[in-house]
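Enquirer: Here's a sequence, model it:
(chains A and B)
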Amino acid sequence: MANQPKGAIVGLGVTKMGKIYGRRSVDFAADAIAMALDDAGLKKSDVDGLLINANIPGDMDPRAQMMLGFENLTLINVMNAYGSTMGSMMQYACMAIREGLATTVALVYADAPLTPTRGAGQSYSGPHRFPLGGMAGLKAHYGDFGANLGYAMAAQRHMHLYGTTSEQLGTIATGQRKWARMSPWAQMKAPMSMDDYYNSRYIAEPLRLFDCCLVSNGAVATIVTSAERARDLKQTPVNVLGYAQRAPGDNLDSSRHPAVETGARQAGDAAFKMAGIERKDIGTLQLYDCYTYTVLVSLEDYGFCAKGEGGPFVADGKLGPGGALPTNTGGGQLSGFYMWAFTPLAEAVVQARGTAGERQVERNDYVLVSGNGGILNFHSSLILSRHASG
Amino acid sequence: MSQAVAKPIPIPDEITAPFFDGARGGKLMLQHCTGCGKWSFPVRERCPHCFETKLEWRAASGRGTLYTFAIMHQVMNPGFASAVPYNVSQVDLEEGVRMISNVVGVENAALRVGMKLEAVFEDVGDNVSVPKFRVVAG
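Expert: Got it, this is the predicted structure:
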């Protein structure tokens, strides 16, 4: 017997993204949930579960329920495994629905770190309170601030081991910009040439500005219910066929090499198996892309190419429009918008439905979505499809 | 006249005092587990390998190799305004642990993964010293 869907995504809401000032995270969240409910043909009173993705500023807490006006919920939580959280939320929502703990769960990520005087570079970094005690003070003295450095060090290691080049990383950035130009949600619409990529300033060498994701004010919400109920609702259901997490462990333990080997390998294998599909069945990938390097190392770990061959694999532009493996077809976090793993999720939903317009891919039967948190520490995988089984 | 802001100086606390006391005396003190024989870093109370509370402080060799590094160009703290671009490095110590630090006395462009390194100890003010690393010839 074919595997049954774990649940279904029946509504999607994506607000305007970017430098939209003067609004709080919760106000963006309300808009995204309203859009998702309208998309699903459901009312606020139908929602009995609310799962909130934690954000860096920490301004989305459980009391958001009251600001949003939800009553009599049977499921509520704020969840956090950094960028991989969305996958955990989807697991919890689907399991709760199958267990009868809730029927209609709203999942939301909202963030508003940008202000007129605080841009992307500062938005997640401060204010630091100094001096700091103990090990935190030691890191600060070394100048070890923020995620950019951690990913830059991982990319440097990959370059050393496998000869990966900036040219190859740039191919990912320019390819995703081409996709972004076709997405109504994307913040970055100007064309990006390889010269533009090389001319973008170093952030943490070897990573340049255009290797790094955007920072966005905005929100994304989805409505999840059972696959059975989804058939009677307004949209083509997007079934959740497989999901898995993998957190390999401490990346400062030299017995492992998580800088170049993430949890995507094991999470992906488990998700493919649960969905009853093989890697070759995946028509489009929506990969967490906090950095260009994250895309490259994820492609390797999901087995789309061998370990170390990510650079040559992407160099022919196969991830971009018209390529053999359309990836991050809304521009991703690099050129679209940055809502943690709700960025790849949103794009996956419209691709699986077949409503992505100009950027719609042909092979949309099975869509892989990844979440990645910390410095490649936490990984989650989802397999989505309009089909009810693999 | 505006004055240059110093880099943040770490404040030793109860659990990290042996590390900083060691650095003050020119030694790289790390935790070693008498239960399983493995070393660990950063500082903690329970061994991450065998999960026993048998960690004791021992002097490490201070010798290691450069696992990876990056050159920071962003000023995330005013104490680094005149330091950028500077390296942040991961050093694999002979004892089998990896620590974040800076490699000193070398141009950024000359850094190479795999370089042999050894610990040096820098007085950073307020009676606090921290380990950094220099390249060993050969």
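Enquirer: What is the neighbour count of the closest residue to chain A within chain B?
Expert: Nearest to chain A in chain B, going by Cβ to the nearest Cβ, is residue B:10, at a distance of 2.8 Å. To be clear about C-beta, it is placed using only N, CA and C from the backbone, and glycine gets the same treatment. Residue B:10 is flanked by 28 other residues according to other Cβ atoms under 10 Å in any protein chain shown.
Enquirer: Surely it and residue A:141 touch.
Expert: Yes: with contact defined as Cβ atoms under 8 Å, residue B:10 reaches residue A:141; the gap is 5.4 Å.
Enquirer: And the strands in chain B?
Expert: Listed in chain order, the strands of chain B (DSSP state E) span B:28-33, B:39-40, B:55-60, B:63-72, B:86-93, B:98-101, B:103-104, B:116-125, B:128-135.
Enquirer: Format the ones you listed as a markdown table; extra columns: mean neighbour count, mean pLDDT and distance to chain A.
Expert: A markdown table is the format used below for these (neighbours: other Cβ atoms under 10 Å in any protein chain shown; pLDDT from 0 to 100; distance: least, Cβ to the nearest Cβ, whole Å):
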| stretch | mean neighbour count | mean pLDDT | distance to chain A |
| --- | --- | --- | --- |
| strand B:28-33 | 22 | 97 | 12 |
| strand B:39-40 | 20 | 93 | 8 |
| strand B:55-60 | 16 | 98 | 13 |
| strand B:63-72 | 24 | 96 | 3 |
| strand B:86-93 | 23 | 96 | 5 |
| strand B:98-101 | 22 | 93 | 4 |
| strand B:103-104 | 18 | 98 | 10 |
| strand B:116-125 | 16 | 97 | 6 |
| strand B:128-135 | 20 | 98 | 6 |
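Enquirer: Output those as a markdown table; include the columns distance to residue A:196.
Expert: Putting the strands of chain B into a markdown table (distance: least, Cβ to Cβ, whole Å) gives the following:
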| stretch | distance to residue A:196 |
| --- | --- |
| strand B:28-33 | 45 |
| strand B:39-40 | 45 |
| strand B:55-60 | 46 |
| strand B:63-72 | 21 |
| strand B:86-93 | 27 |
| strand B:98-101 | 32 |
| strand B:103-104 | 32 |
| strand B:116-125 | 37 |
| strand B:128-135 | 36 |
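Enquirer: which residues are in contact with both of residue B:10 and residue A:141?
Expert: Common neighbours of residue B:10 and residue A:141 are listed as B:124, B:130 (criterion: Cβ atoms under 8 Å, 6 or more residues apart in numbering or on different chains).
Enquirer: can you pull out the strands in the stretch 201-350 of chain A?
Expert: With DSSP state E, counting those that start in this stretch as the criterion, the stretch 201-350 of chain A has strands at A:202-205, A:207-208, A:218-225, A:238-246, A:282-286.
Enquirer: Would you mind giving the ones you listed as TSV with distance to chain B added?
Expert: Listed next are the strands of the stretch 201-350 of chain A as TSV, based on distance: least, Cβ to the nearest Cβ, whole Å:
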stretch	distance to chain B
strand A:202-205	4
strand A:207-208	8
strand A:218-225	24
strand A:238-246	19
strand A:282-286	26
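Enquirer: Check these for me and report the most buried one.
Expert: strand A:218-225 (a mean of 30; mean count of other Cβ atoms under 10 Å in any protein chain shown).
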